[in-house]
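# Give the three-dimensional model of this entry:
(2 chains)
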Amino acid sequence: MLSFVAQRVVKGVIVLLAIVVLNFFLIRLAPGDPAVVMAGEAGAGDQIFVQQLREKFGLDKPLPEQLFIYVKGVVTLDLGFSFRQQAPVSKLILERLPATLLLTLTAFAISLMLGVLFGTFAARFAGTWLDTAITIFALIFYAMPIFWVALMGILLFSVTMDWLPSFGYETVGANLTGLAHVVDVAKHLIMPAMTLGLFFMATYTRMTRASMLEVKRLDFVKTARAKGLSDAVIQRRHVLRNALLPVVTLAGVHSGTLIGGAVITETVFAWPGIGRLMYDALLQRDYNLLLGVFVICSAMVLTFNLITDLVYRLVDPRIEFTT
Amino acid sequence: MSKRVLLGVLLACGLTAPALAQEPKTGGAINAVIQPEPPGLMLAMVQNGPVQMVSGNIFEGLLRYSPKLEPQPELAESWSVSEDAKTYTFKLRKGVTWHDGKPFTAADVLFSLDMLKQTHARARNNLAQVEKVEAPDDYTVVFTLKQPFGPFLGIFEVGSMPMVPKHLYEGTDWKTNPYNNAPVGTGPFMFKEWQKGSFIRLVKNPNYYEKGKPYLDEIYWQIIPDAAARSVAYETGKVDVLPGGSVENFDVPRLSKLKDTCVTGAGWEFFSPLAWLWLNNRQGPLADKRVRQAIMFAIDRDFAKDVIWNGLGKVATGPSASTIKYYTDDVPKYPYDPAKAKALLKEAGYKGEKIRLLPLAYGETWQRWGEAVKQNLQGVGMNIETIATDVAGGNQKIGDWDYDIAFTYLYQYGDPALGVGRNYVSSAIAKGQVFNNVEGYSNPEIDKLFADGAVATPDSKRKEIYEKAQKILVEDVPVAWMLELQFPTIMRCKVKNLITTGIGVNDGFKDAWLDK
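Next up is the predicted model:
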């Protein structure tokens, strides 16, 4: 297993470098560069000024040279400097990463747990009113855009009922510590995590339901029943376990989409994560920061995928690690 | 040399505000919205709106300006002008210290000017007329100009010329100086904490030179990226102040009606934001003056004001906003008249050539405005194609002159020599810039008028010159002027004296207090 992990990590690094090179050129395809943006904001700016800014940012050098400098930096774990924010990129990202991890992992946990739970119920009671209710519930959240769910959540739970805070990570200026702080953050987390989680929950519900219904028809389930196992044991140990494989695959694939969804969720709820950082960096053509966020996100997706492969093995012992 | 002394009258700056009847109370914190999150807080290095809004509390300029744009003392306590109007002498306030305790002196002023010439595009332009700056002693700064420059006293507010601590910046690499993200100024509030993506916290400067000020203990600038979420944050009581432009315009009427809410349009006099359409004068149908005039007649600007901007603002009459010096409305008029627009287009021989329209990517209001203008122009038979971009992409296109019609709005900075002339004189045509003469208009008479106007004395002479320039420009329609924008500030009524100068919320909260 160790050699499997090692090989995957090496492959991951190669993929990561390819992503860096691709992104490096991709973001330069967008019209406008940081110097134009900054001169624009200054409310004035002649060509000499813009040229000076370009020199300061190293944007006057030929592209291959810029790429070489950047890749050399990434290899030595130096993500560069954001001239826009006047701070090292790694510092900017590390400041925001915990909030994003908290949001995405909570949303991920919510979506997977509720999704599998609802999916199992729907499959168990297939064709009944409960199945229909769950299916409609899942469809609604799958069909509604995240920002819409977010705004409706705010309207209902913040404006009308005043139960939950509408924005932010914590109550600003309250200076809470210990348990009170944890509770405060949790209150702020509920709506963004649910908003992001419900969309994915819908997919997992549908997937679990379909997959379970399919597995149920297979011969080994009949065998289990013939052995006299109780229905609950059959559902849990045989049907669910086999039905989970596609769900796990999907969850691995979703790790990237989850970060994409986080950009919207973080924006609406003013959640101070890297999703928002990425969006601002894009608008401001903050190349180094944008590339840095991409590198970190890609690394996260690769890690998630590796974990998915390992979880496969746990769910289904028949799968072997081959390198 | 005999000097005509213009006394900088030591007004306590809140004196002009109506709330004077009440005795200010000390203490409390204000929660205000800042949008978007500033990239840094070093005003000398980055000058976008949010940076100035937060840093205007931390840094100061030599002067500030009343709502009527008269200079008022800030770090300079008085100033005088020589008779030939070429030498300006500023006496600095004594006993001013930086937030780290070091004294503020004339050496800081000289250093700041040097630095700003390299980092601050507008300061660089404004200082172009300065031949030399000297500091005969620690509390005197003397500017000698190459020639008289009418608006010279109008370039010293904090956003245009922030003072930078020499002892923290001299000999360092400015762009990576750690104080860029934890700035040290002389202002009424000190930088305390910045939770990136969440909030910026400023605290009272206990050693501020104006005794008793500031009144507030703290300011929290809350970072809320989504416009609807910002409205909700005010509605649910989480923030007290929505500075102008921080919520979508269609939310303003609703929020204004909330309990204990006060609204003011004041505080933008210095900036006087004026919106117009860049018309590319160089190529295609728009090179013909009649087509440009047709555009003015085709657009229903009252509709834009009443519906898209919810009645806020004023229909523009020409290149100057009505709030700045030497404005005149004695110019040719362009009421909404589609029939006349059609006639002009026909006369110019317009045959339905495609015209690219570039809206401004500043949110919903601007998007809707783009749609309305497109409809208006299509209504008189113009073939309009909207080009969708983000702000950076739009800037690039405008800088490359790769557009036909493009939305913009620009500040006027109180004087035609600072904020108006640059958009029309041919010396300001240069590829790669988003401002100045982007439309490519070139008229030797206008060039001369603006060149003369900047250096003419006395004031009556300047007035005559600028009024003439306005008439010529309005006849030629180099760009299509739309609206004088108004960005109302929405706040709880318990917040008093928030806006006391023509620079408004960008000038810091030193006079503000909370009526608890």
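# now the strands: where do they sit in chain A?
Taking DSSP state E as the test, the strands found in chain A are A:81-82, A:87-88.
# what does the stretch 351-500 of chain B give?
Secondary structure of the stretch 351-500 of chain B by DSSP state E, counting those that start in this stretch: the strands cover B:354-358, B:383-386, B:405-410, B:479-484, B:489-492, B:495-496.
# and chain A, which of those strands is closest to it?
Within the strands of the stretch 351-500 of chain B, the stretch nearest chain A is strand B:405-410; the backing value is 7.2 Å (Cβ to the nearest Cβ). No exception for glycine: its C-beta is placed from N, CA and C like everyone else's.
# I'd like the average pLDDT over that closest one.
Strand B:405-410 shows an average pLDDT of 93 in the prediction.
# Check stretch B:38-58 too.
Rounded mean pLDDT across stretch B:38-58 is 88.
# One more: stretch B:328-337?
Per-residue pLDDT over stretch B:328-337 has a mean of 95.
# what does stretch B:117-134 give?
88.
# Please identify the buried residues of that stretch?
For stretch B:117-134, burial by neighbour count (16 or more other Cβ atoms under 10 Å in any protein chain shown) applies to B:117, B:119-127, B:129-130, B:133.
# Same check on stretch A:122-138?
Across stretch A:122-138, burial judged by 16+ other Cβ under 10 Å covers A:122, A:123, A:124, A:131, A:134, A:135, A:137, A:138.
# Just the C-alpha atoms of it, please, in PDB.
C-alpha atoms of stretch A:122-138 as PDB (Å, rounded to 0.1, in the frame of the first residue of the first chain):
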ATOM      1  CA  ALA A 122     -35.800   6.300  -0.400                       C
ATOM      2  CA  ALA A 123     -34.500   2.900  -1.700                       C
ATOM      3  CA  ARG A 124     -35.900   1.000   1.300                       C
ATOM      4  CA  PHE A 125     -39.300   2.500   0.800                       C
ATOM      5  CA  ALA A 126     -39.100   2.800  -3.000                       C
ATOM      6  CA  GLY A 127     -42.400   3.600  -4.600                       C
ATOM      7  CA  THR A 128     -44.000   4.900  -1.400                       C
ATOM      8  CA  TRP A 129     -44.900   8.500  -0.500                       C
ATOM      9  CA  LEU A 130     -41.600   8.700   1.500                       C
ATOM     10  CA  ASP A 131     -39.600   7.900  -1.600                       C
ATOM     11  CA  THR A 132     -41.500  10.500  -3.600                       C
ATOM     12  CA  ALA A 133     -41.000  13.100  -0.900                       C
ATOM     13  CA  ILE A 134     -37.300  12.500  -0.600                       C
ATOM     14  CA  THR A 135     -36.900  12.500  -4.300                       C
ATOM     15  CA  ILE A 136     -38.700  15.800  -4.700                       C
ATOM     16  CA  PHE A 137     -36.800  17.300  -1.800                       C
ATOM     17  CA  ALA A 138     -33.500  16.300  -3.400                       C
END
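# quick one on the thing from earlier: inside strands: which ones of the buried residues of stretch B:117-134?
Judged by DSSP E, those include B:130, B:133 as members of strands.
# Just confirm residue B:467 contacts residue B:330, I think it does.
Yes: between residue B:467 and residue B:330 there is a contact under Cβ atoms under 8 Å: 7.1 Å.
# Could you check which of these two has the larger neighbour count?
Under the criterion of other Cβ atoms under 10 Å in any protein chain shown, the comparison of residue B:467 against residue B:330 puts residue B:467 first, with 17 against 10.
# Apart from its neighbours in sequence, what residue is nearest the more buried one?
Leaving aside its sequence neighbours, residue B:467 sits nearest to residue B:328 (Cβ to Cβ, 6 or more residues apart in numbering or on different chains; 4.6 Å).
# circling back to that earlier point, let me have the strands of the stretch 351-500 of chain B in JSON lines, adding mean neighbour count and distance to residue A:145 as columns.
Formatted as JSON lines, these follow (neighbours: other Cβ atoms under 10 Å in any protein chain shown; distance: least, Cβ to Cβ, whole Å):
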{"stretch": "strand B:354-358", "mean neighbour count": "18", "distance to residue A:145": "27"}
{"stretch": "strand B:383-386", "mean neighbour count": "14", "distance to residue A:145": "23"}
{"stretch": "strand B:405-410", "mean neighbour count": "22", "distance to residue A:145": "27"}
{"stretch": "strand B:479-484", "mean neighbour count": "24", "distance to residue A:145": "32"}
{"stretch": "strand B:489-492", "mean neighbour count": "23", "distance to residue A:145": "28"}
{"stretch": "strand B:495-496", "mean neighbour count": "21", "distance to residue A:145": "36"}
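# Could you dump those into a markdown table and include distance to residue B:158?
Listed next are these as a markdown table, based on distance: least, Cβ to Cβ, whole Å:
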| stretch | distance to residue B:158 |
| --- | --- |
| strand B:354-358 | 32 |
| strand B:383-386 | 38 |
| strand B:405-410 | 19 |
| strand B:479-484 | 23 |
| strand B:489-492 | 18 |
| strand B:495-496 | 21 |
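# Find the closest residue to chain A in chain B.
For chain B, Cβ to the nearest Cβ, closest residue to chain A: residue B:197, 2.7 Å.
# check contacts around that residue.
Counting by Cβ atoms under 8 Å, 6 or more residues apart in numbering or on different chains, residue B:197 touches A:95, A:96, A:99, A:169, A:270, A:271, A:272, A:273, A:276, A:277, B:37, B:223.
# Top of these by number of neighbours, please.
residue A:277 (31 neighbours).
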